[in-house]
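K.L.:
Got a sequence here, can you model it:
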Amino acid sequence: MMDADQTVVTVDIYGNQYKLKGHSNVEYMKRVAGTIDDTMKKLAKGYPRLDMPKLAVLAAVQFTEEVFRLRRENDSLHDSETKRIELADKLERVMQRTSGLEEELAAQRLQAKTDLEAAEAEYEAKLAAAVADAAEEVALKLAEAAERFAAQQQAAEQLLAREQAEAAELLAAVEAEAAERLALAEAKAAEALERERAEAAERLAAADAEAAKAAERLAEMAKRLDADKAELSELLKLQQTEADEKLTELERGWNDKWEQRELAWVAEAEAKNAEAKILAEESEQHLKADFERRRNGWLEERTRLQNVAASLQQGWDADKASFEQRIHAADEHLMQAMEQEESLRASLQGLEQQNQEQAGLVADANAEIEQLQAKCVQSEERVVSLEELLASAQEQETAKTERLAEVQAQLEQLLADQEAAAAQAEAARLEEVAERAAQELKYKEMIAELESRLAAQQMEQKEQLNSFEEKQLELELQLEEDRNKLERQYADLREEQERSNADKLEELHRSYREQHTELEQQLDDKEQALRNERLKHETEREQIEANHQAKIAELVRSHQEQNSLKDQQFQQLMEQQQLQQLEQYDSLERRHKELERELQAQQEANEIQLAELQLQLEQRLKERAVEQEALLEEAQLRHAEQQRKLQDKLEELTASIENAEMRELGQLDELEKLQNREQEITGQLELIAARERIASQQLEVATIRERELEERIQAEQKQLEQLRQAAEQYTELEQQRASAEEQLRQQLEAALSEAAAAAGMQEANGEKIELLMIERNEAEAAAERFRTEHELLAEQHEKLVREYRKLQTEYNEWIELIEQS
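P.N.:
Residues are numbered from 1 along each chain as shown. Next up, the predicted model:
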C-alpha cells in the first residue's frame, strides 16, 4: 500500500503485529522486521525470565552495538580507500617525474653525441689542413731540422719528465683517494652492521619483555575476573542461604509455638499460622525474585564483559594484521625504490657504454692520424731518397767545382748528424715505451689488487648480512614459539584456576550443608527441651504468650530492617562494581581511540617518509645527471686540449706527435680505469645508503615502541588510580562493618541485660540471643571476607606498582639507547 511517497507495511515481531512506515520497499522492511523478531526470540531462549520490554531493550542494545561496529569498519575502509588512492596518485606522479628525467637524460645524451660529432668533424678538418701544411712545409723544415733538433730533443726530454711526474702524482692521488674511500666504506659498513645487530638484539629483548608483560597482565586480568565472578557467586549463594535459613527458622518457630497452645486457641492459631505462611511465602517469593534479578544482572554483566573481551581481542588482532600489512607495504615501497635505482643505474651504465663507444671513435680517429703520419714519413723518406740522388749527382760533379764539393761534404756531415740523432731518438723512444709499459703493468697489478680486496670485502659483507638475516629469522621463529607457549600456559593456568574455583565452590557448598545440618540438629534439641519444660511453664503461658507475640513482632521487624539494610548494601556494592566496570569499559574505549589516532599518525609519518624518499631519489637523479654532464664536458675539454697539443706537436715535429698520441692513449686507458673504479665505489655508497635507510626505518620502529610503552605506562597509572579508589571504597565498607558490629554488640548487651532483668522471659530472650549471636557471627564472617579482599587488593596494588616501575625502567633504557644511537 502506497501513501504519498511512503510505504506502509504490517509486520509480525515477537507475536505482535505492527505497522511500519518508510521510504524503502516492502521486502526490505519485512526483512528488517524479521531480523528483529529472530533476535528477540534468540534472547528469549537465552533469558526465559525476561519480559518483552526488557527483551526489546536488549535487542536494541545489540543492534546499536552492531551499528557502531559497522560504522567503525566503514570509516576504516573509507580511510584505507582514500589512502590507497592518494598513494596511487603519488606513485603516478613519481612515474611521471621518472619518465621526464629519462627524457631529459636522453636529450642530454643526444646533445652530447651531436657535440662530439661536431668536434670530431672540426678535428678532422683541422687535421687535414695540418697535413697539407706539413706536406708543403716539409722541404723548409728539412733545412732547419739540424739547427732545431737539439732544442727539440731537450724540450722532449723536459716534457717527458714533466709528464712522468704528473702521472706519478696522479697515481698517488688516485691510490690515496681509493684507499680513503675504501677505509670509509669499510668503517661505515662495520658501523652499520654493528648498529643493526645491537638494534636487533634490543628489539628482541623488548619484544620478549613485552610478550611476558602482556601474558602477565592477561593472567592478572583473568584472575581478577575469576575473583569477581567467585565473589559475586559467593555473595549470591550466601544471601540465598541466609534467606533459606531464616525462613526455615521462622517456620519452625511458628510451628513449635502453635503446637504448645491449647485447643481453645486453635482457630486463632490456624489463622495466625496461615497469615505467617502467606508472609513467609511472599518473603520467599520476594527473595527468589530478587535473587533471580541479581542472577540475571550478573549473567548480563558476564556476557557484556565477555563481548568486551572478545571485541578487544579482535581489535588487537586487527591492529596486529594492519601493522603487518603496513610493514609489508613499506618493504614493497623500498623494493620498488631499489628497483628504480637499479634501472637508473642501468641507464647510467648505458650512458657510460656510449661514452666508451665515443672513446672508440676517438681511437679510430687517432688511427687515421697515425696513417696520415705514416704517409708523412713516407714522403720524408721519398725526399731523403731524392736528396741522396742529388748527393750522388753532386759527387759525380765534384770535379767541376770545389764549392760543390764543399757543399756535398757539408751535406754528408748533415745527413750523418741526422741519422745519429734519429738513432738516439729511436733509442729514447724505445726506452720510454718500455718504461711506460712497466708502469702500466704496475698500475694494472695495483688496480687488480684493489679490486680483489674490494670483492673480498663485498663477499664478507654479503655473508655477514646473510648471517644476520638468518639469525633474525631464527629469533622471530623463537619469539613466535615463545608466544604460543605462553598462550598455552595461560590457557592451562586458566583451566586450572576454573577447576580450583569449582572445587572451592563445591567445598563451600558442602560446609554450608554441614553447618545447616548442625543448626537443624541444635534446633531439634532446643525444641525437645522446650517440650519438656512446657508443663513447667503452663501457669505463666498467657503472660509469656503476650510477651512472646510482642518479641516476635519486634524480631520480624528487626529481621526485615536488617534484610533491607543488607539488600541496600548489596545493591550499593553491585552498583559500585557496575560503575567500576563501566569505567573500565570507557578506559578501554579511550584506549581503542588512542590506538586509532596512533595508527593514523603512523600512516601519515609513512607517507611523509615516502615523499622524502621520492625527493631524495629525484635529487640523486639530478645530481647524477649533472655529474654525467660535467664528466662529458671535462672529457670534451680534455679532448680539445689533446687535439691542440697534437696540432702543436705536428707543427713542431712528427716524432713528438707520435709520442704525444701514445701518451694520449695511455691517459685514456687510465681515465677509463678510473671511471670504472668510480662506478664501483658509487655502487658501494648506494648500498651503504640503502642500509642507512633501513636503519632509519628501524629507528622509527623503536620510536613507535617508545610511544607504546608511554601509553601503557599511562594505562597502568589509570588502573592504579582505580585500584586506589577501590581500596578506599573497601575501607569505607570496613568502617561500616565496624559500626554495624558495634550496633550488634550493643543490641547483644541490651538483650543480655533484659535477660538478667526478666528471668521469666528466658525462652524468648534465649531465642533472641541466639539470633543475635548468629547475626554477629555472620557480620564477623563478612568482615573477615572484606578484610581478605582488602589484602588481595593491596597485593594487586603492590604488583601493579612493581610493574609500573619495571615499565618506567624499560622506558628510560629505551630513551638512553635512542639517544646513544
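K.L.:
Could you list the low-pLDDT ranges of the stretch 651-800 of the chain?
P.N.:
The stretch 651-800 of the chain contains residues with pLDDT under 70 at 651-731, 733-773, 775-776, 779-780, 782-783, 786-787, 790, 794, 797.
K.L.:
Against Glu81, how distant is Val26?
P.N.:
33 Å (C-beta to C-beta, to the nearest Å). Heads up, the C-betas are built off the backbone N, CA and C, glycines and all.
K.L.:
In terms of neighbours, single out the busier of these two.
P.N.:
Shown here are Val26 and Glu81; by other C-beta atoms under 10 Å, Val26 has more neighbours (15 against 10).
K.L.:
That one and Thr7 touch, don't they?
P.N.:
Yes: contact criterion C-beta atoms under 8 Å: Val26 and Thr7 qualify, at 6.1 Å.
K.L.:
quick one: which helix or strand includes Val8?
P.N.:
Val8 belongs to strand 6-13 when elements are defined using DSSP states H and E.
K.L.:
same thing with Asp503?
P.N.:
Assessed by DSSP H and E, Asp503 sits inside helix 402-533.
K.L.:
coming back round to it: list the buried residues in the strand holding Val8.
P.N.:
Going by neighbour count (16 or more other C-beta atoms under 10 Å), the buried part of strand 6-13 is Thr7, Val9, Val11, Ile13.
K.L.:
Can you give me the pLDDT of Leu582?
P.N.:
Here, the pLDDT recorded for Leu582 equals 60.
K.L.:
SS state for Arg49?
P.N.:
Under DSSP: H, G, I helix; E, B strand; the rest coil, the three-state class of Arg49 is coil.
K.L.:
my read: it touches Glu300, true?
P.N.:
No: applying C-beta under 8 Å as the test, Arg49 and Glu300 come out as separate, 11.8 Å apart.
K.L.:
who has more neighbours, these two?
P.N.:
Legend: neighbour count by other C-beta under 10 Å for Arg49 and Glu300, higher for Glu300 (16 against 11).
K.L.:
so how far is Leu430 from that one?
P.N.:
With C-beta to C-beta as the criterion, Glu300 and Leu430 are 108 Å apart.
K.L.:
what's the answer for Glu199, then?
P.N.:
Distance, Glu199 to Leu430, using C-beta to C-beta: 63 Å.
K.L.:
Comparing the two, which residue is more hemmed in?
P.N.:
A count of neighbours by other C-beta under 10 Å puts Glu199 above the other of Glu199 and Leu430, at 17 against 10.
K.L.:
host element of the more buried one?
P.N.:
With secondary structure defined by DSSP H and E, Glu199 is part of helix 52-259.
K.L.:
Who is Thr16 paired with across the strands?
P.N.:
Slight slip there: residue 16 is Asn, not Thr. Asn16 has the following beta-bridge partners by DSSP bridges: Ile13.
K.L.:
please begin residue numbering at 15 from this point
P.N.:
In the new count, where the first residue is 15, that last one comes out as Asn30.
K.L.:
Give me the pLDDT for it.
P.N.:
Asn30 is given a pLDDT of 90.
K.L.:
How about Thr823?
P.N.:
Here the pLDDT value assigned to Thr823 is 74.
K.L.:
got it, and Asp51?
P.N.:
So, for Asp51, pLDDT stands at 91.
K.L.:
Tell me if I'm right that it and Tyr28 touch.
P.N.:
Yes: the pair Asp51 and Tyr28 qualifies as a contact (C-beta under 8 Å) at a distance of 5.8 Å.
K.L.:
neighbours around Tyr42, how many?
P.N.:
Neighbours of Tyr42 under the rule other C-beta under 10 Å: 12.
K.L.:
how much does the one helix or strand it maps to deviate in direction from strand 20-27?
P.N.:
Using DSSP H and E, Tyr42 sits within helix 40-60. Interaxial angle, helix 40-60 versus strand 20-27 (axes from the mean of the first three to the mean of the last three C-alpha atoms, to 10 degrees): 20 degrees.
K.L.:
List the buried residues in helix 40-60.
P.N.:
Met43, Val46, Ala47, Ile50, Asp51, Thr53, Met54, Leu57, Ala58.
K.L.:
Residues contacting the strand holding Val22, please?
P.N.:
15-16, 31-40, 43-44, 47-48, 50-51, 54 (C-beta atoms under 8 Å, 6 or more residues apart in numbering).
K.L.:
Let me see the mean pLDDT of that strand.
P.N.:
Mean pLDDT, computed over strand 20-27, is 88.
K.L.:
do stretch 112-129 as well
P.N.:
76.
K.L.:
And for stretch 56-67?
P.N.:
Per-residue pLDDT values over stretch 56-67 give a mean of 89.
K.L.:
Pull out the CA atoms of it and give them to me as PDB.
P.N.:
Extracted C-alpha coordinates of stretch 56-67, given in PDB (Å, rounded to 0.1, in the frame of the first residue of the first chain):
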ATOM      1  CA  LYS A  56      17.100 -15.800  20.500                       C
ATOM      2  CA  LEU A  57      17.300 -13.500  23.500                       C
ATOM      3  CA  ALA A  58      14.100 -15.100  24.900                       C
ATOM      4  CA  LYS A  59      15.700 -18.500  24.600                       C
ATOM      5  CA  GLY A  60      18.800 -17.300  26.400                       C
ATOM      6  CA  TYR A  61      16.800 -15.300  29.100                       C
ATOM      7  CA  PRO A  62      13.500 -17.000  29.600                       C
ATOM      8  CA  ARG A  63      12.500 -15.000  32.700                       C
ATOM      9  CA  LEU A  64      12.700 -11.600  30.900                       C
ATOM     10  CA  ASP A  65       9.500  -9.900  29.800                       C
ATOM     11  CA  MET A  66       9.000  -8.300  26.400                       C
ATOM     12  CA  PRO A  67      10.200  -4.700  27.200                       C
END
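K.L.:
Quick one: residues in contact with that stretch.
P.N.:
Residues contacting stretch 56-67 (C-beta under 8 Å, 6+ apart): Tyr28, Met54, Lys68, Leu69, Leu72, Ala73, Gln76, Glu306, Asn310, Leu313, Glu314.
K.L.:
Please, a ChimeraX command that selects the buried ones among those?
P.N.:
Selection of buried members from the contacts of stretch 56-67 for ChimeraX, criterion 16+ other C-beta under 10 Å:
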select :28,54,69,72,73,314
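K.L.:
Cool, thanks, signing off.
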